[in-house]
Every structure is written in C-alpha cells, then in structure tokens.
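> Sequence first, then the predicted structure:
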Amino acid sequence: MPIDDAAFAYLLARAGLTLTEAEKAELKTVCDRVAAMAERVRKPRGRMAEPALTFGFAAKDLPDEDVR
Amino acid sequence: MSAVIPTIAEAARQIAAKELSPVELTKDCLARVHALEDRLHAFVHLTEERALAEARAAEAAIMANGPSTPLHGVPIGLKDIVDTKGIPTTCQSKLLQNNLPDADATCAEKLAAAGAVLMGKLTTHEFADGGPSFDLPRPPARNPWNTDHFTAGSSSGTGAAVAAGMILCGIGTDTGGSIRGPAAYCGVAGLKPTYGLVSRAGVAPAAFSLDHIGPMAWTAEDCAIMLQALAGHDPRDPASADRPIPDYRAALGGGIKGLKVGVIHHFHETDHKVGDDTQRGISAAIETFRGLGAEIREVQLSPLGDWHACGSLISIVERAAAYEEWARTRLPDFGERMRTRLMLGAFVSGVDYLQAVRRRRELRAELRAAMAGLDVVLTAVFPNEPPKMDAVPKWDVFQQPSFMMPFNVAGYPAMSVCSGFGAKGLPLAIQLVGKPFREAIVLRIADAFEKATAFRDRRPLAA
C-alpha cells in the first residue's frame, strides 16, 4: 500500500528529519520496499515467541551477597 | 620495491630467522603505498613516520629477544572507524574530520601489543555503510585488479591495501558483509568471526547487534594468525564472550578428510541465482572439497529473502538509533548514501523492529538445527565479479538479497575465500560458515582449499 503524503510527512517529522523536496520524492519511491520487508518478518508465531535480544544476569550484575 | 609480497606466515618465519628486517619489510610496503595510492585510494591517513619508528623498535626487540608473536614487525592497517589514540579517526565523514580519539579501540590495542606495525587508517564507506560515495572527504577505494571496478565495502581500503601488498593484513568490520564483500571482490581472505569473539569496543557502530570485527589478509593462515591476536574477552564490550581461545594456527594443516560440508544450493541457485562464472567456482570448490575427503551434504534453510529482510530491518533501525542525534541536527553533513540510509529509519516502526528480532531467533534456531552433524556450510558471497564503480545501485539494500547477511543475523563465523577468477579476470569467492566459536574449523577448511588450488599464487596487476 503506497504511503500517503500526510503519513509520510508525519513519520519524517516524528523522526526529526528535515529533507529537501528531492530527497522526499526519492524516499517515497522506496517506502513500500521497507514495508514489504516488515511484512516478510511477520509469521504466525503467537504471543509467546521471544525475540533474539533478551538477556540473563551475569555474575557482575548480581548483588555481592548472591555471588558469594 | 620487492616483486614478492610475503604472507604474514612467510614474513614471520623470515623475521624469526633474521632473514627479513621489519624495517625493510615496512619500507617495501610504504613503497607500494607511494606507487599505488594515487590509483587505489586505500588510505585515509598514512602514518609513515610512526610505522618506521615502530618497525625500528620491533627490529631492535626481535634482534635482542626474538619475535614475541608472528605479527611482530608486520605492517598492518586499520579501517578508519577503529579508534586510534592520537591518530585521526574520521569514519570517512565530514562530521568527524577533527576527531582525535584519546584511546585505542581494543582491536588496535591488541594488534599493537602483538608487535604489529601500524601503517595507517584505511578507507571505509561513511560510518561503514553505503558506498561507493564520491561526496565524502576522501575518494572511494579502487579495486587493485581493475581500478574501474568496485572493491565492495565497507572495509574497502582494507581489501584493496591487502590485495595490493601495501599491508600484510588489516582490520575489517562486518555488519552485513563488510569484511567478506571486499575480501571477495579484492581476492583476499576475510573472516567475520562469531559475534562476541572480537571486541567491538572503540569501533564506531553501524548496527550494534550485527557488528563484527575481524581479520582480512592474503590467506586463511594469515587470518588465523591475526585472529589469535584479536580474539578474547573484553569487559569494555557488553557483547564480548568470555571463552577459552584455541590455537587457530595449530588447527591448520590436518586435512579435511571426513569433515562435513553442507551446501545451501537454494541460496545461490534459486533465491538469488548467481552468474555462470560464480556457479562454476562454487561447483569446482565442492569438487575440491570432495577430492580432499570431505563429505558433501545438501542444506535447506528459509529463503534468502527472509534472512535479508530480517537483517536489513534490524540494521536500518540500529543505525538510525546510533546516529539519530546527528541525523536530526546535521543531516546535510552526511554523504548522500549514508543520509538516505538514515532516512529509512523513519519508516520502520518499533513493532516492525521487534518482529524482525523475533524472526531472528527463529532463523538462528533453524540454522543451528540445519548444521547439526555438519562442520561448515557453503554458499556464494556475490553473484558475479565486481561491477564497475558507476554500476553500483544506490538502493542496493532493496535489490537482490545478500548472501552474507544471514550470518550477521545468526552471528555465526563466516569467511570469504577466493575461488578463482571470472571472464574479466576479476576475483570470485565462496563463503564458508561455521558453528559459533568454531573459527578453527572454518580456517582449517579454507586453508586446505587454498593449498589445493593455485588462486593464492596470483596478485593483482596493480600490485
């Protein structure tokens, strides 16, 4: 779905980016390619699927008494 | 200027035997820099006086006590996103033209501790992204095999300088292929290690969770020597792995009989079909491995485009986050390619990013399962020989999917190895991918391949 002018302007403003008209015109031509990538990573995986970037506590994160 | 460019292994042996002077070796490399730099643009900043001083100090130490490591007295270079104390680190950006770091990056520190001679800072794409660009403070590096052609990037200067014998090895960084790409196009060896094996501390980020630091050199053996100096835990890098480091060089030379090589045929035959020359190189490499006693298996993964989309979304967002402050306040100071990459961050939502990170976990699990019982997997690095400089699309991220990005997504070690030359006489390459922290196996197989073929006997004309 092509991005409309209002949404395009809102996203740029939200990102704090000030672009020339030529840059805006060029960027508009690739927005749908970004959207296609974003659709491609969506799979039916349910709500429990974890992201790759989670973390565990290493010894240095723990209070001294727990390490001892 | 000597007609022969030694490998690190050869130079180290000769230095240890006092048959080769580090000062003469450094002068020889400097002579190549002076002869070729006008055409190759491999250096952003040449540290000639420092190199000669370090070479003299190395020579004195070696004469007194012998070499401390195989890198002692060996000329090297650092990609110009690696912080170097007191030496400009510009990231090839107008934004950092006056940047003089007050500390070395860990990788620079480790190479210095190994006795390497720093020749200077090497050309990169701006902040290790995009390229080739003609609107940056310095021109883009040129391919020594044919200067009309692209080096790939972003470790473009490292690839060009190693191939041309200006240095014997150098640091590259790899967020979606920036070690393996220039290694492939410049016909050298380049290893992206496992995520966390080599510290990222003091190296400008491209995308935090995809960034890797690694060696680029003429041979797999030289990459093993360099990795030995680079690998190891660093508390300055929160992603640094605290693991024992094997002797990488000792793992070489044992043959590969019985090792299991999986081929991801669909990546380079269907998902992104490579050209005939590249396919011939891959097929010949498979036959070489079979002839050396390896067992060849078929591997099936999710389509290459899935891996590419996952890695690209993560890369776009992490880069936009890292450089958001400058993007908001100094956007016109970036070069055109970096500027456009930064703009893309506005069009990936937080939910998009996290779906990509969830997909990343699935893809990593898939690769782990597919590699059970295998030692390495094999696919292409690029579809064809290097294109001409003016034929590189600006929006290459949206062109065909990258063969290298899957292994940044997974964090697995991956290496580019020269697999011959195409119809234009330019280098071709295969990519070998190992299991996490199994660089020794990757290097052993790459070394066996190089020794079974004659591709390391040929240097570019510009050298």
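That came through fine.

> Return the residues in contact with the residue nearest to B:Trp218 when sequence neighbours are not counted.
If the residues on either side of it in the chain are set aside, B:Trp218 comes closest to B:Thr7, at 5.3 Å by Cβ to Cβ, 6 or more residues apart in numbering or on different chains. Backbone N, C-alpha and C define where each C-beta goes, glycine included. If a contact means Cβ atoms under 8 Å, 6 or more residues apart in numbering or on different chains, then B:Thr7 has B:168, B:217-219, B:221-222 as its contacts.

> if we go to 10 Å?
For B:Thr7, the contacting residues are B:13, B:74, B:168-169, B:217-219, B:221-222, B:225, B:456, by Cβ atoms under 10 Å, 6 or more residues apart in numbering or on different chains.

> Ok, B:Val188 next?
B:144, B:158-164, B:169-170, B:172, B:182, B:216-219, B:222-223, B:416-418, B:427, B:429, B:456, B:460.

> let's see 6 Å
Residues in contact with B:Val188, defined by Cβ atoms under 6 Å, 6 or more residues apart in numbering or on different chains, are B:162-163, B:216, B:218.

> Same check on B:Tyr412?
Counting by Cβ under 6 Å, 6+ apart, B:Tyr412 has contacts B:433, B:436.

> at 8 Å what do you get?
Contacts of B:Tyr412 (Cβ under 8 Å, 6+ apart): B:194, B:367, B:433-436.

> In three-state terms, label it for me.
Each residue gets one of three states, and B:Tyr412 gets coil by DSSP: H, G, I helix; E, B strand; the rest coil.

> B:His268 now?
Taking three-state DSSP as the rule, one finds B:His268 in the helix state.

> How about it, nearest residue that isn't a chain neighbour?
The spatially closest residue to B:His268, leaving aside those adjacent along the chain, is B:Ala380, at 4.0 Å (Cβ to Cβ, 6+ apart).

> Please apply the same query to B:Pro88.
Closest residue to B:Pro88 apart from its sequence neighbours, by Cβ to Cβ, 6+ apart: B:His45 at 5.4 Å.

> and the next element down the chain from the helix or strand harbouring the one you found?
Counting by DSSP states H and E, the secondary-structure element that holds B:His45 is strand B:43-46. Past strand B:43-46, further along toward the C-terminus, the next helix or strand under DSSP H and E is helix B:48-65.

> other SSEs contacting that following helix?
Using 3 or more Cβ pairs under 8 Å, 6 or more residues apart in numbering or on different chains; DSSP states H and E as the contact criterion, the secondary-structure elements in contact with helix B:48-65 are helix B:22-40, strand B:117-122.

> deepest of the ones you listed, which one?
Here the criterion is mean neighbour count by mean count of other Cβ atoms under 10 Å in any protein chain shown, and of the helices and strands packed on helix B:48-65 the winner is strand B:117-122, at a mean of 28.

> How far does that strand sit from its chain's centre?
16 Å (Cα atoms, centre = their mean, to the nearest Å).

> any idea how far B:Gly350 lies from chain A?
11 Å (Cβ to the nearest Cβ, to the nearest Å).
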